[in-house]
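Undergrad: could you look at this predicted model? Sequence included:
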Amino acid sequence: MRDGLRALLADHRGPVLIVTGDSPLMQVQSIRALLDDYRRQPAACILGTTHRENPDGLGRILRDAQEFRGIVEQRDATPSSARSQKST
C-alpha cells in the first residue's frame, strides 16, 4: 500500500488529508479549519482532535504540555491518558 500511495502522490503538491473510517460525524467546517491551519502554518502533520462529554470508544491523544506524544485506544489508556483529548 505504501508504494502505491507513493506512486499516486509522486507529482502531488500540497496537503494530503487522511480521515480514518471511524471518525464520528466529521464536519465539513472541521476539515476546512484543519486545511486553513495548514495554509497559515504549513507543517509535516496536523492532527484534528476534539473534547467530548462522553468519549467512550474513542482513542486518546497523548501530550506532554503541547507536544504530541502518541495515540492510545481507550481500552489501553491509563487513568491519566483517559482524560486526554480524543482523536477524531
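TA: Happy to help now that I have it. Everything numeric in this text was worked out from a predicted model, so none of it was measured.
Undergrad: for this structure, name the helix or strand with the lowest mean pLDDT.
TA: Taking mean pLDDT, DSSP states H and E as the measure, the chain has strand 86-87 as its least confident helix or strand, at a mean of 52.
Undergrad: farthest residue from the center of the chain?
TA: Asp11 (24.4 Å; Cα atoms, centre = their mean).
Undergrad: next one: phi and psi at that one?
TA: phi -100, psi 10 (degrees, to the nearest 10).
Undergrad: just the buried positions in stretch 40-59, please.
TA: Of the residues in stretch 40-59, Gly48, Thr49, Pro55, Leu58, Gly59 count as buried by neighbour count, 16 or more other Cβ atoms under 10 Å. Every C-beta, even on glycine, is put in place using the N, C-alpha and C of the backbone.
Undergrad: contacts for the longest helix belonging to the chain?
TA: If you go by DSSP state H, the chain has its longest helix at helix 28-40. Residues outside helix 28-40 that contact it (Cβ atoms under 8 Å, 6 or more residues apart in numbering) are Pro15, Leu17, Val19, Ile46, Gly48, Thr88.
Undergrad: low-confidence bits of the protein, can you list those?
TA: Applying pLDDT under 70 to the chain picks out residues 1-2, 22, 24, 80-88.
Undergrad: how about the helices in it?
TA: Here the chain has its helices, by DSSP H, at 2-8, 28-40.
Undergrad: distance from the chain centre to the last one, please.
TA: Using Cα atoms, centre = their mean, to the nearest Å, the mean C-alpha position of helix 28-40 is found 12 Å from that of the whole chain.
Undergrad: in that helix, what counts as buried?
TA: Leu34.
Undergrad: repeat for the first one
TA: Counting neighbours by 16+ other Cβ under 10 Å, one finds that helix 2-8 has no buried residues.
Undergrad: could you work out the most separated pair of the contacts of helix 28-40?
TA: With distances taken as Cβ to Cβ, the most widely separated pair in the contacts of helix 28-40 is Pro15 and Thr88, at 17.0 Å.
Undergrad: so for those two, which sits in the more crowded spot?
TA: Under the neighbour definition other Cβ atoms under 10 Å, Pro15 and Thr88 were set side by side, and Thr88 has more, 20 against 13.
Undergrad: re the thing from before, of the contacts of helix 28-40, which is the nearest to Ala65?
TA: The closest of the contacts of helix 28-40 to Ala65 turns out to be Ile46 (Cβ to Cβ; 18.0 Å).
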